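Trainee: The sequence and its predicted three-dimensional model are supplied below.
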Amino acid sequence: MFCPLKLLLMPVFLDYSLGLNDLIVPSLELTVHVGDSALLGCVFQSPEEKRVAKVDWMFSPGEHAKDDYVLYYYANLSVPVGRFQNRVRLVGDLSCNDGSLLLQNVEEADQGTYTCEIRFEMESLVFKKEVVLHVLPEETKELMAHVGDSTQLGCVLQSTGEKRMTKVDWTFSREHAKEEVLLHYSSKLSVPVRSPRSRVTLVGDVARNDASIVLHGVRESDRGSYTCSIHLGDLTFKKTTVLHVILKEPRTLVTPAALRPELLGGNQLVIIVGIVCGTILLLPVLILIVKKTHRNKSSGAPTTLVKSLENIQKPDPEKHVYSSITTRELIEEEDSSGRAEATYMTMHPVWPSLRSAPNSPPGEKSAGGIPTPKSAF
């Protein structure tokens, strides 16, 4: 089988010409997301025709860590090993000294250094190549787009090999609907072929295994699953992205009249209007009540003052009766028995003063004109 020959770097010629047992090329780096696939290239370029006898792929998670087998090829038999058993595949053309490896459904634990060793028949030469793989968190497989916008759907096969994609297909499907082909690209065609109703454009760099597209003028009917299929000879790599379409809200002019229904509901507006009308109707009644109360308080004060003055000027009945009565208290000194006696005199009406009584002797009149009773003794 014919294989295209490529020029070798000078250090490769020197190492090979010196007859060294190991031919090591500088390591390459590759970055992928969890869940993606990675193509780890391992191609020995030589102007001479050689036959590959054995291929080994080893994995080292870090320094001072034990190497694990990923895959080995011997006697036309490819055998994946260990935890990579269902996720690795030898995809290179061994007749062209290509021992490239495809790692599918990458896990976080797959980060590390992968070493490829190719041995040839009847030769002690061992070709070695290292690939450092970096693993990033899983990339979202769902996209959100508004109606009328444009959105990009990515589809890239990360690779360090020389293999180039030969064909690309983009398909669209939704529930209870037949799958529809949106775009088809082939290395034999100068331009991609789109379906009549398709609104997608191929924007990826096919030379770097990038088959990304842009969907223009998103519609509500574009909601569904978009699947990208990259073909590398007989190898097919697929990636599916789910698109969610968001309807745009209609833009309205913001005015006070437009805001009022949002701020106040219908029932709230009726209640407020009723309260305002009731207040207006009751306001005159409230004013009359306040004025009447104030008038009553003002007229009550003089009446109370007059009554208090009348009570003060009105004489005390008891005091008026006894005010014309005078009493005299005669207190005599202690008598021979040592007791004090008080003699009360009964008041009699005062008669007109007589200077002399015709029947009384001149010496028997008292100072006040009152006859003095004669003693019986």
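Mentor: Ah, there it is. Numbering: from 1, shown residues only.
Trainee: residue boundaries of the helices in this protein?
Mentor: Assigned helices in the chain, in chain order: 10-17, 256-263, 266-313, 317-322 (criterion: DSSP state H).
Trainee: ok, of the ones you listed, where does mean pLDDT dip lowest?
Mentor: Comparing mean pLDDT over the helices of the chain, the weakest stretch is helix 10-17, at a mean of 38.
Trainee: Just give me the neighbour total for residue 158.
Mentor: Other residues near residue 158 number 20, with proximity taken as other C-beta atoms under 10 Å. C-beta here means a position set from N, CA and C on the backbone, and glycine is covered the same way.
Trainee: now it: how far from residue 280?
Mentor: Using C-beta to C-beta, to the nearest Å, we find residue 158 at a distance of 78 Å from residue 280.
Trainee: How about residue 35?
Mentor: Relative to residue 280, residue 35 is positioned 72 Å away (C-beta to C-beta).
Trainee: So those two - more neighbours on which side?
Mentor: Neighbours per residue (other C-beta under 10 Å) separate residue 35 from residue 280, with residue 35 holding more: 15 against 9.
Trainee: who are the neighbours in contact with that one?
Mentor: Taking C-beta atoms under 8 Å, 6 or more residues apart in numbering as the contact definition, residue 35 lies against 105, 106, 138, 139, 141.
Trainee: same question, residue 212
Mentor: By C-beta under 8 Å, 6+ apart, the contact set of residue 212 is 152, 153, 154, 155, 156, 202, 203, 204.
Trainee: Tell me the one among the residues you listed nearest to residue 241.
Mentor: Looking at the contacts of residue 212 and their distance to residue 241, the nearest is residue 153, at 5.2 Å (C-beta to C-beta).
Trainee: Surely the closest one and residue 143 touch.
Mentor: Yes: taking contact to mean C-beta atoms under 8 Å, the distance of 7.1 Å between residue 153 and residue 143 places them in contact.
Trainee: shared neighbours, the two?
Mentor: Common contacts of residue 153 and residue 143 (C-beta under 8 Å, 6+ apart): 241, 243.
Trainee: how close does residue 220 get to residue 149?
Mentor: In this structure, residue 220 and residue 149 are separated by 12 Å, where distance is defined by C-beta to C-beta.
Trainee: With neighbour numbers in mind, choose between those two.
Mentor: A direct count of neighbours by other C-beta under 10 Å for residue 220 and residue 149 places residue 149 higher, at 14 against 9.
Trainee: is it true that that one touches residue 218?
Mentor: Yes: Residue 149 is within contact range of residue 218, at 5.4 Å (criterion: C-beta under 8 Å).
Trainee: who touches both of these two?
Mentor: With C-beta under 8 Å, 6+ apart, residue 149 and residue 218 have no common neighbours.
Trainee: which ones are touching residue 89?
Mentor: Residues 78, 80, 101, 102, 104, 235 are the ones in contact with residue 89 under the rule C-beta under 8 Å, 6+ apart.
Trainee: and with 6 Å instead?
Mentor: When contacts are counted by C-beta atoms under 6 Å, 6 or more residues apart in numbering, residue 89 touches residue 102.
Trainee: That concludes my questions; thank you for your assistance.
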